[in-house]
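Visitor: return atomic coordinates for the entry below.
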Amino acid sequence: MDWITLVLALVGGLGLFLYGMKLMSDGLEAAAGNQLRRWLEALTSNRFIGVLVGAAITAIIQSSSATTVMVVSFVNAGLMQLSQAVGLIMGANIGTTITGILVTLKVSMIAPLAAFIGIAIIMFAKKKRVQSIGQIIAGFGILFMGMDMMSSAMRPLSGSPDFMNMIEQARNPIIGVLVGALLTALIQSSSAFTGVLIALALAGVLDFQTGIFLIFGTNIGTCITAILASLGANRTAKRAAIVHLLFNAIGTGIFLVIALLPIGFVDWIESLIPNNVAGQIAITHVVFNITTTILLFPFANQLVFLASKIIPGKDRERAERRLEYLDSRTLDTPLIAVTQVRKEVERMANMALENYRLASQIFLKRQPELVEEALANEEVINYLNHEITRFLVKISALNLDSTSNKMVGSLYHVVNDIERVGDHAENIVEFSQAYIDDEKFFSGEAIAELTDISTKVDKMLAHSIDIFTAGDYIQSDMDQVRQEEHSIDEEIKKYKENHIKRLEKDACTQSSGALFMNMLNDLERVADHAENLAFSLRYQL
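Guide: From the prediction side, this is the model:
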């Protein structure tokens, strides 16, 4: 037997299978636009709906790993609660079984034609949506060509005593589960490893008595992708990945017992599709995931509790992407609508202040672990900017008195100023990442200057928000804000001159110096917007 040729054919077939599956997945996701993500984001707390949506989305994109990684990212961003994630994770396990069913279908004769048609569409179609459909068709064909290639490569293995002895070892339930988990973790796709098992079965190399334990193991191995995705995430996202692992590990334990007990489970599966090992493996995958979901669905809260014990501690509270004071029903009463929109603007302003402080902390204390939280908060600020502006447009169309009209007109500018403060805070976060990742260092004098000006800008921004919130135009307060802004401008001018002197003395590098100047520019702009915020009262009263 030519082992080199066999291995190359096997690896090549697996590569085609994986590429075809990715092509289908990307094409389906692109064709659906952002709708898949919107479905996930819009989920209610109804866990049963979560299971259905998780199963549907995974069946569409043909990757439970992609769905669970998406879920982990939403939990990490605060867009989804852990209780919602449990239902989606359970549903993803059901949806992934569709791939195993598809690859048991004997469509190898039309696979090359499908690949040709799909590639032709990708090459000659002008519209992206049509190209996405071409990706789906091409991926379908390439996937089955890879499956046929793997199956052909494995047929000679049935005559190899060494390989058959190795397969025989997997009849041991523990060894079978461990091998299935390890190989799935390496490939990072339960669908792909299920395809390999089906290819072995089609080649007559694998029997069901061995395949059943290997397929149990794939359900544990597939958890590695979500676990890897959660490594840099917050505790709640890590718990989502742990829930995925617990769900599949418990399910594997249950089915190991069922398969080993003398109750005829294996015989029952074999009787469903006699003399068809590939089909039996696919059916086992379906039965495993549906049954595990039914059994563990009532214990979802217990899974969350257990995950919280495994990953203890609390995350820092994050702002939620929602409107707290605004509701379309308030538009029926214009005065209430104006009052409520002002409260929402105050909330947005305080959120921008907190994010500015978080950005300063990341930079001055070199705390990269806070970067993701700051960027997530900036997304909330952008969301509030969009929603409040939309609400102001609706209020402007109402029959308002002159005072309310002035206030609404001024709030357009206030919201814009607050949003710009958020943007400058985001710039500081990005500078901080470059500063920390590239291991740049400032002189003690430069750090002292940045600390001083950051503190003064913080104080001025907080003062301006207090003035805006109080709603009283007091001349002494306005004079103080103006003086604070002038003082900050003068300080920044002086610090820029100091910086040029340090450059002339080679006391700092050009790249660190550019970062220093950018930081000063952003701090100066935050002070300008803070002044605008305080003086907006002049136009509201």
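
Visitor: may I ask which helix or strand encompasses Leu411?
Guide: Element membership for Leu411 (DSSP states H and E) is helix 402-437.

Visitor: show me which positions of that helix end up buried.
Guide: By 16 or more other CB atoms under 10 Å, the buried positions in helix 402-437 come out as 404, 407-408, 410-411, 414-415, 417-432, 435. Placement of C-beta: from N, CA and C, glycine included.

Visitor: and the protein, what are its domains?
Guide: Annotated domains of the chain cover 3-310, 328-539 [automatic domain parsing].

Visitor: and these, which is most packed in?
Guide: Per residue and on average, the most neighbours among the domains of the chain fall to domain 3-310, with a mean of 20 (mean count of other CB atoms under 10 Å).

Visitor: out of the helices and strands in this structure, which is least certain?
Guide: Lowest on mean pLDDT, DSSP states H and E among the helices and strands of the chain sits helix 35-41, with a mean of 57.

Visitor: report the distance from the helix or strand following it to the chain centre.
Guide: Heading C-terminal from helix 35-41, the first helix or strand you meet, by DSSP H and E, is helix 47-61. In terms of CA atoms, centre = their mean, to the nearest Å, the centre of helix 47-61 is set 16 Å apart from its chain centre.

Visitor: please apply the same query to stretch 237-257.
Guide: 21 Å.

Visitor: just the C-alphas of that stretch, formatted as CSV.
Guide: C-alpha atoms of stretch 237-257 as CSV (Å, rounded to 0.1, in the frame of the first residue of the first chain):
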residue,chain,number,x,y,z
ALA,A,237,-18.8,34.9,27.9
LYS,A,238,-16.5,32.3,29.5
ARG,A,239,-19.5,30.9,31.3
ALA,A,240,-21.4,30.6,27.9
ALA,A,241,-18.5,28.5,26.6
ILE,A,242,-18.5,26.4,29.8
VAL,A,243,-22.3,25.8,29.4
HIS,A,244,-21.6,24.5,25.9
LEU,A,245,-19.0,22.1,27.3
LEU,A,246,-21.2,21.0,30.2
PHE,A,247,-24.1,20.4,27.9
ASN,A,248,-22.1,18.1,25.6
ALA,A,249,-20.1,16.4,28.3
ILE,A,250,-23.2,15.5,30.3
GLY,A,251,-25.0,14.3,27.1
THR,A,252,-22.0,12.1,26.2
GLY,A,253,-22.0,10.6,29.7
ILE,A,254,-25.7,9.8,29.4
PHE,A,255,-25.4,8.2,26.0
LEU,A,256,-22.3,6.2,27.0
VAL,A,257,-24.4,4.6,29.7
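
Visitor: helix, strand or coil: sort out Pro312 for me.
Guide: coil (DSSP: H, G, I helix; E, B strand; the rest coil).

Visitor: any idea how far it lies from Phe305?
Guide: Separation of Pro312 from Phe305 (CB to CB, to the nearest Å): 12 Å.

Visitor: swap in Asn498?
Guide: From Asn498 across to Phe305, the span is 56 Å (CB to CB).

Visitor: what of Gln480?
Guide: Distance from Gln480 to Phe305, counting by CB to CB: 52 Å.

Visitor: coming back round to it: hey, least reliable of the domains of the chain by pLDDT?
Guide: Mean pLDDT across these is lowest at domain 3-310; the value there is a mean of 78.

Visitor: for Thr293, what are its contacts?
Guide: Contacts were defined as CB atoms under 8 Å, 6 or more residues apart in numbering; by that measure Thr293 touches Val51, Met90, Gly91, Asn93, Ile94.

Visitor: which residue is the nearest non-sequential neighbour of the fourth one?
Guide: Same thing as Asn93. Nearest residue to Asn93, sequence neighbours excluded (CB to CB, 6 or more residues apart in numbering): Asn289, at 4.3 Å.
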